[in-house]
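Peer 1: 3D, please:
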Amino acid sequence: QVQLVESGGGLVQAGGSLRLSCTASGRTFSTYAMGWFRQAPGKEREFVAHINRSGGWTYYADSVKGRFAISRDNAKNTVYLQMNNLKPEDTADYFCAAKTYGRVGDLSSPNVYDYWGQGTQVTVSS
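Peer 2: Numbering: from 1, shown residues only. This next block holds a predicted model:
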């Protein structure tokens, strides 16, 4: 089992940047692929980005491709989401999630992930 804690959210103007962090407990972090999702008020949880266990492969939602970058540091049990050129429509609660090795399915679906953090709020003002 792994526990996830996000940090780094806040209020930023459009065009600005933020870096979110998600730190995991335990010594098995490198066995999990990781994802970032977001949820705006009144909307469903939406896939943002995914990174494999080694960090060598990433996958993004079209809406953030070219602006966001997911990375991980397995020595620090941490996954990051660098968000650049933020837009008001990026405003949401952002969640990190861990996918157990061997779990198959659509990587953009929340159902594929087993563990979730509590979320961090990102607000982008126009």
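Peer 1: partner residues bridging the most centrally placed residue in the chain?
Peer 2: Nearest to the geometric centre of the chain sits W36, at 2.0 Å (C-alpha atoms, centre = their mean). Beta bridges link W36 to A49, C96 when assigned by DSSP bridges.
Peer 1: also R19?
Peer 2: Under DSSP bridges, the beta-bridge partners of R19 are Q82.
Peer 1: what's around it, how many residues?
Peer 2: 13 (other C-beta atoms under 10 Å). Every residue, glycine included, has its C-beta placed from N, CA and C.
Peer 1: and it, what does it touch?
Peer 2: Going by C-beta atoms under 8 Å, 6 or more residues apart in numbering, R19 touches G8, Y80, L81, Q82, M83.
Peer 1: any idea how far it lies from S126?
Peer 2: Distance of R19 to S126, computed by C-beta to C-beta, to the nearest Å: 21 Å.
Peer 1: could I get the CA-only coordinates of stretch 95-112 as PDB?
Peer 2: Provided in PDB are the C-alpha atoms of stretch 95-112 (Å, rounded to 0.1, in the frame of the first residue of the first chain):
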ATOM      1  CA  PHE A  95      -4.700  14.600  -7.700                       C
ATOM      2  CA  CYS A  96      -1.900  12.200  -8.000                       C
ATOM      3  CA  ALA A  97      -2.600   8.500  -8.300                       C
ATOM      4  CA  ALA A  98      -0.600   5.300  -8.300                       C
ATOM      5  CA  LYS A  99      -1.200   2.300 -10.500                       C
ATOM      6  CA  THR A 100      -0.100  -1.100  -9.400                       C
ATOM      7  CA  TYR A 101       2.200  -3.000 -11.700                       C
ATOM      8  CA  GLY A 102       0.300  -5.400 -13.900                       C
ATOM      9  CA  ARG A 103      -2.900  -3.500 -13.700                       C
ATOM     10  CA  VAL A 104      -4.200  -3.200 -17.200                       C
ATOM     11  CA  GLY A 105      -6.600  -0.800 -18.800                       C
ATOM     12  CA  ASP A 106      -6.900   2.700 -20.200                       C
ATOM     13  CA  LEU A 107      -4.200   4.800 -18.500                       C
ATOM     14  CA  SER A 108      -6.500   7.900 -18.800                       C
ATOM     15  CA  SER A 109      -9.200   6.200 -16.700                       C
ATOM     16  CA  PRO A 110      -9.300   6.800 -13.000                       C
ATOM     17  CA  ASN A 111     -10.400   3.200 -12.600                       C
ATOM     18  CA  VAL A 112      -6.900   1.900 -13.400                       C
END
